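**Q** Just need the structure, nothing else, for what follows:
(chains A, B and C)
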Amino acid sequence: MIVPYSHVLLFAGILFAMGVVCAVARRNLIMMLIGVEIMLNSAGLAFVAAALRWQQLEGQVFVLFIFAIAAAEVSLGLALIVYAYRRTGSLDPETYNILKW
Amino acid sequence: MKWSLFIPELYLLFVAAVFFCLAMVVRPNPRRNYFIALLLASVGVVVCLASVRLEGTLFYGVYRVDLFSQVFKVILAMGLFLVICICSELNSIEEKHHPEFYLLLTTCTLAMMLLVSSVELLTIYVALELSSYSLYILVAMRRGYGVHVESGIKYFLIGAFASAVMLFGIASLYGVIHTTYVAEIIKVLPGTIGRPAAIVGLILTLCGFFFKLAVFPFHFWAPDAYQGAANQVTAYIATASKVAAVAILTRMVALSGGSSTYLVHVLVTLSIASMTLGNLVAIVQKDMKRLLAYSSISHAGYVLIGILSMSASGYAGAIFYAVAYLIMKFTCFLVVVKVAYDGSDLKIAQLAGLHRRSPILAMALMFGVFGLAGIPPTIGFTGKFLVFTAAMHKGYFILVLIAMINVVISLYYYLLIVKAAYLLEPQEELPPISLSPFNKLLTGSLVTVMIVGGIFPGYLLELAEAAAKALI
Amino acid sequence: MTLYAAIFYVLASVILVSTGLAITRRNLVHAVVYLIISFFGSALLYYLFGAPLLAALEIIIYAGAIMVLFLFIIMMLRIDPSALRRPLLKEWLPAGALGLIYLAIALLVVSTDPASQTPLMTGLARPRVFGQFLFQKYWLSVEIISFLLLIVLIGSLYLGKAYARGADDRTEEKP
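**A** Numbering: from 1, shown residues only, chains lettered A, B, ... in the order given. Just a heads-up that it's a prediction; the model follows:
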């Protein structure tokens, strides 16, 4: 007996909300990417808890794929960010406002 | 296991392998790459057409081949073929990287084919990611040292955000319904859709597809990615990728069994917001590609009307609309690519005098734009008519009224394009645009399809209805 | 409250605090280090929920590879922490609103689901069973994801080289 599933879901939800705040509010490309990573991680926790709830393996398989996606996301995202940083010398998305509306 | 069911995907995998090998050839040869791509893509259409009547399931039930998926595979293969047709002057991608360009284009099409056939949430998710990642790279691939990488970053970050939201949605959905197979979800979900966890999970899951379709809260990327990407890539994003998004969104919404009023309310809100916002902001645009981006946001709203009707006629209308949209949007982009042949962005003012520079392109543009606006003899009118009647049958009168008002608003900026092409005179005399016979044939057949499909929609509509039946 | 429940609540609070610290740091290196603590906590939670293989992979891939990649990039770009401006209130506001909406939804979801109040049973997925399950039933997804990694590899290579090429273009433009 661990804890009710709802507690885990609530915990994952709070973590997810933190990730959302980080991805939306921080004016820094690297922190935005980190926010997305936090969101992915919280989704992973929710999946493992659900897998335990149903005593199934599907949820755990999902988490494995989340790891792969997260790795892919970070490598491509950082490649893009480094490119843009070298061009503009800034990580602040506000300075990239050539493309607005 | 019957591998013959998997032939369209295997064929595209083969095409991708061919370009992977060509990417290693040291001396770039754009003409040869173009002809190889054109040949392989046209064979791809034939392969998909030949396999349209196949049915069956593969890989432990995660992959279903039915009429719905096969029709969309044909449309996607057509989309790939059409986009490759306009790559003959691929000036905005470096010659050295043309094989990579074709490789990514093929991979994206392959991913979307996998997407429309997947009937298991994990497979849907990874296929969606594969198509998104190919597009992120394609957007950032434009030649030069400019804005495109920044638009690529914007596209990428919003996409990653949407996919994380979608994952959390799948997680909470899975926490309620203990299965990831669409066939089982469709049995369990209508009974549990009243529970907040299920409905929130489903809506968050749909966010990933809303991003693909550029529906309201996830539309920010569209104008920037459209403008920042190379013209051919934009054409691909605007056509094939939208069709795949419509397909998967239809499949996912069909899951709820039409029994959730919350879901309908959310979709109605998003639909109204997308079309109103898209149309209003499109009015002030000066750049042709940005204007088309906002028009595609508003069209996402119209497609949603068909999907949220949650009836067989609504789904069929949405499928028909997706096909019509692909042809109309592609025609507009054909003109953009040919007029801006050096690969630069096209301002609307630069269309001035098009009717003298190239009468056939001006005519194609006129029909494409009229189709997007929904003016009667074209296929766009039929598509709008179908989705609006489906919504009327369900009694969504206010929604259809708002959509009608939006259509009137959109007429204004569509007519501005036609006015630029036909009535305005350019500042200085510009040379006429020469089209190869192949391009003339392509333009002519697109215009013919737009008109004939508008007047005699029967066959296409029957196909869409049959495909929609496979869903319910 | 069982011992397992106590472990869960302690780990959960550690993760929440360290993530909260991570997302508010101005110095990126500090943020990454706090995040590594948070991911270690997540790994322990995976172990608690009966997924030892995932716990190991979380440490190797998330806390290891991904975060170290972040550290590399932060150090390579030599970002001056004092140069990063503090986010304005009007930038925090939409984010805070979004976060609150998510939180409200989470509370609603949790409080209205009676079936989820029963405590979870412990369970264990042995790596061998897990691997067999993965490669039998999710064979197609594994193939798709490997293709995705190939595509990302091509993309990252392209972008990495693109900078050098871009520099050449600029010198050609301004002779």
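**Q** which other residues reach stretch C:154-161?
**A** When contacts are defined by C-beta atoms under 8 Å, 6 or more residues apart in numbering or on different chains, stretch C:154-161 is touched by residues A:75-76, A:79-80, A:82-83, B:97, B:100, B:103-104, B:133, B:136-137, B:140-141, B:149. For the C-beta atoms, the positions are set from N, CA and C on the backbone; glycine is no exception.
**Q** got it, and stretch C:44-55?
**A** With C-beta under 8 Å, 6+ apart, stretch C:44-55 has contacts from A:2, A:44-45, A:48-49, A:51-52, A:60, A:63-64, C:4, C:7-8, C:11-12, C:15, C:43, C:58, C:120, C:122-125, C:127, C:130-131.
**Q** what about 7 Å?
**A** The contact list for stretch C:44-55, computed with C-beta atoms under 7 Å, 6 or more residues apart in numbering or on different chains, reads A:2, A:45, A:48-49, A:52, A:60, A:63-64, C:4, C:7-8, C:11, C:43, C:58, C:122-125, C:127, C:130.
**Q** of the residues you listed, buried ones?
**A** A:2, A:45, A:48-49, A:52, A:60, A:63-64, C:4, C:7-8, C:11, C:43, C:58, C:123, C:125, C:130 (16 or more other C-beta atoms under 10 Å in any protein chain shown).
**Q** Distance check, the residue nearest the centre of chain C against A:Val82.
**A** In chain C, the centroid-proximal residue (C-alpha atoms, centre = their mean) is C:Tyr62; its distance is 6.5 Å. Per C-beta to C-beta, to the nearest Å, C:Tyr62 is found 21 Å from A:Val82.
**Q** Where does the prediction get shaky in chain A?
**A** A:1, A:94-101 (pLDDT under 70).
**Q** just so I have it, where are all the helices in it?
**A** Taking DSSP state H, the helices of chain A run over residues A:5-25, A:29-54, A:58-88.
**Q** Please identify the most buried of the ones you listed.
**A** helix A:29-54 (a mean of 26; mean count of other C-beta atoms under 10 Å in any protein chain shown).
**Q** Which strands or helices does that one pack on?
**A** On a contact count with 3 or more C-beta pairs under 7 Å, 6 or more residues apart in numbering or on different chains; DSSP states H and E, helix A:29-54 meets helix A:5-25, helix A:58-88, helix B:148-177, helix C:28-48, helix C:67-77.
**Q** Reformat the ones you listed as TSV; add distance to B:Val243.
**A** TSV is the format used below for the helices and strands packed on helix A:29-54 (distance: least, C-beta to C-beta, whole Å):
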stretch	distance to B:Val243
helix A:5-25	29
helix A:58-88	24
helix B:148-177	18
helix C:28-48	38
helix C:67-77	35
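**Q** where's the nearest residue to B:Phe333 once chain neighbours are set aside, which helix or strand?
**A** Distances taken as C-beta to C-beta, 6 or more residues apart in numbering or on different chains place B:Ala235 nearest to B:Phe333, at 3.6 Å, with adjacent residues excluded. When elements are assigned from DSSP states H and E, B:Ala235 belongs to helix B:231-238.
**Q** Only C-alpha atoms, please: export that helix in CSV.
**A** Output in CSV follows, covering the C-alpha atoms of helix B:231-238 (Å, rounded to 0.1, in the frame of the first residue of the first chain):
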residue,chain,number,x,y,z
ASN,B,231,8.4,28.7,-49.7
GLN,B,232,8.2,25.1,-50.6
VAL,B,233,8.4,24.0,-47.0
THR,B,234,5.6,26.5,-46.2
ALA,B,235,3.5,24.9,-48.9
TYR,B,236,4.1,21.5,-47.4
ILE,B,237,3.2,22.7,-43.9
ALA,B,238,0.1,24.4,-45.1
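**Q** No further questions, thank you.
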